[in-house]
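Peer 1: Build me a structure from this.
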Amino acid sequence: MALLKFRRKDTEPRTGGPEVRAFLQGYSIEVMPRTAAKVEDFKALLPEGTRVYIAHIEGTPIEEMVATAKRLAEDGYPVMPHFPARIIKDKATLADWIARYQGEAGVDQALMLAGGVSEPHGEFHSSMQLLETGLFDKAGFKRLHVAGHPEGNKDIDPDGSDRNVADALRWKQAFSERTDARMAIATQFAFEADPIIAWANRLQAEGIALPVHIGIAGPAKLQTLIKFAIACGVGPSLKVLQKRAMDVTKLVLPYEPDDVLAGLAAQKAVNPGFGIEQVHFFPLGGIKTCAEYTNSRAGTAGAVQVAH
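Peer 2: So this is what the prediction gives:
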């Protein structure tokens, strides 16, 4: 099975099959304040009801994050900002962020993650510590997502195993069982369906029942994708991209995630209990490009979709 799918000729239809269309319903997408600022009208790109994550990169002022959340919320989108533990100084800062998001943008959803910095800025270093503060429960947040890594995470498991990552997920599963918040695992992107399927099945076998929102890299130039994959610590998939990049004729062509989506959608079709609940897109080639691609495959352009 081919690992990457490059753009079809313009004469070929740009639509997904019925399995892919069903699989993409309720998809979510991630933006940053600086990328969102380039979008003139989100309502012209994203179906009503699309959950929009807002990535919080180190150095981004909280004011910009909240302003982006407010704009998206006013356009009618459920907003899920990132809360990166390692850039949050202390509990008072966390409480302030929650109050700002809630008071100015009506936010009641959050993605917890450790964050991409090596040294914590303060007292937090893990998403579990953020959850343990009880501040999200106190504020009445309805949905709390946590990060997942289908290919492992060498920042958390330097030895290349997934022991610490798996232990953390078991803790989060237990936390979900004692809270009213709806929880899910939002994952890093990967490029091959079979290892993702094996990972999701292993989670279920180990009693981790949190639904998975699988990360998928949206259409992008191959060299752009490689840059982001390196920065984000993507695992074996990176070798696939690097091998592709050695072919100069393919280096200049845009990547599209048709094959990985088709593989996952086929698994979901034959096994409705499969742990992947929906798809989360990283628009590495641009929000507009990703939205147009996804809507064409999902048949959701101009439609209403309900996020799970």
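Peer 1: what are the ranges of the strands in the stretch 151-300 of the chain?
Peer 2: Secondary structure of the stretch 151-300 of the chain by DSSP state E, counting those that start in this stretch: the strands cover 182-189, 212-217, 220-221, 254-256, 276-282.
Peer 1: looking at the ones you listed, which is buried most?
Peer 2: The highest average neighbour count among these, using mean count of other CB atoms under 10 Å, belongs to strand 212-217 at a mean of 25. For every residue, glycine as well, the C-beta is placed using N, CA and C.
Peer 1: Relative to the whole chain's centre, how far out is that strand?
Peer 2: 5 Å (CA atoms, centre = their mean, to the nearest Å).
Peer 1: lowest average confidence, helix or strand, in this protein?
Peer 2: Least confident element among the helices and strands of the chain, by mean pLDDT, DSSP states H and E: strand 5-6 (a mean of 44).
Peer 1: Could you point out which of the strands of the stretch 151-300 of the chain sits nearest residue 71?
Peer 2: strand 276-282 (19.2 Å; CB to CB).
Peer 1: Quick check: neighbours of that closest one in the sheet, parallel or antiparallel?
Peer 2: strand 28-31 (parallel), strand 212-217 (parallel) (DSSP bridges).
Peer 1: In JSON lines: the ones you listed, plus distance to residue 180 and mean pLDDT.
Peer 2: Output for those, formatted as JSON lines (distance: least, CB to CB, whole Å; pLDDT from 0 to 100):
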{"stretch": "strand 28-31", "distance to residue 180": "22", "mean pLDDT": "98"}
{"stretch": "strand 212-217", "distance to residue 180": "20", "mean pLDDT": "97"}
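Peer 1: can you redo those as CSV with distance to residue 168?
Peer 2: What follows is those, written out as CSV (distance: least, CB to CB, whole Å):
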stretch, distance to residue 168
strand 28-31, 21
strand 212-217, 15
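Peer 1: right, and those strands - which one's nearest residue 291?
Peer 2: Taking the strands paired with strand 276-282 one by one with CB to CB, strand 28-31 is closest: 6.9 Å.
Peer 1: Show me what the following helix or strand past the closest one is packed against.
Peer 2: Using DSSP states H and E, the helix or strand that directly follows strand 28-31 along the chain is helix 33-36. Packing partners of helix 33-36 (3 or more CB pairs under 8 Å, 6 or more residues apart in numbering; DSSP states H and E): helix 62-74.
Peer 1: Which other helices and strands does the helix it packs on contact?
Peer 2: helix 33-36, strand 52-54, strand 79-84, helix 91-105.
Peer 1: Now do it and helix 91-105, the angle between them.
Peer 2: Helix 62-74 runs at 30 degrees relative to helix 91-105, counting by axes from the mean of the first three to the mean of the last three CA atoms, to 10 degrees.
Peer 1: Between strand 79-84 and helix 62-74, find me the angle.
Peer 2: Going by the same axes, to 10 degrees, helix 62-74 makes 160 degrees with strand 79-84.
Peer 1: Please point out which parts of helix 62-74 sit buried.
Peer 2: If you call a residue buried by 16 or more other CB atoms under 10 Å, then helix 62-74 has these buried ones: 64, 65, 66, 67, 68, 69, 70, 71, 72, 73.
Peer 1: before we move on, the earlier item: export the helices and strands packed on helix 62-74 to TSV and append columns for mean neighbour count, mean pLDDT and distance to residue 257.
Peer 2: Shown next, in TSV, are the helices and strands packed on helix 62-74 (neighbours: other CB atoms under 10 Å; pLDDT from 0 to 100; distance: least, CB to CB, whole Å):
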stretch	mean neighbour count	mean pLDDT	distance to residue 257
helix 33-36	16	98	19
strand 52-54	24	98	18
strand 79-84	24	98	21
helix 91-105	17	98	30
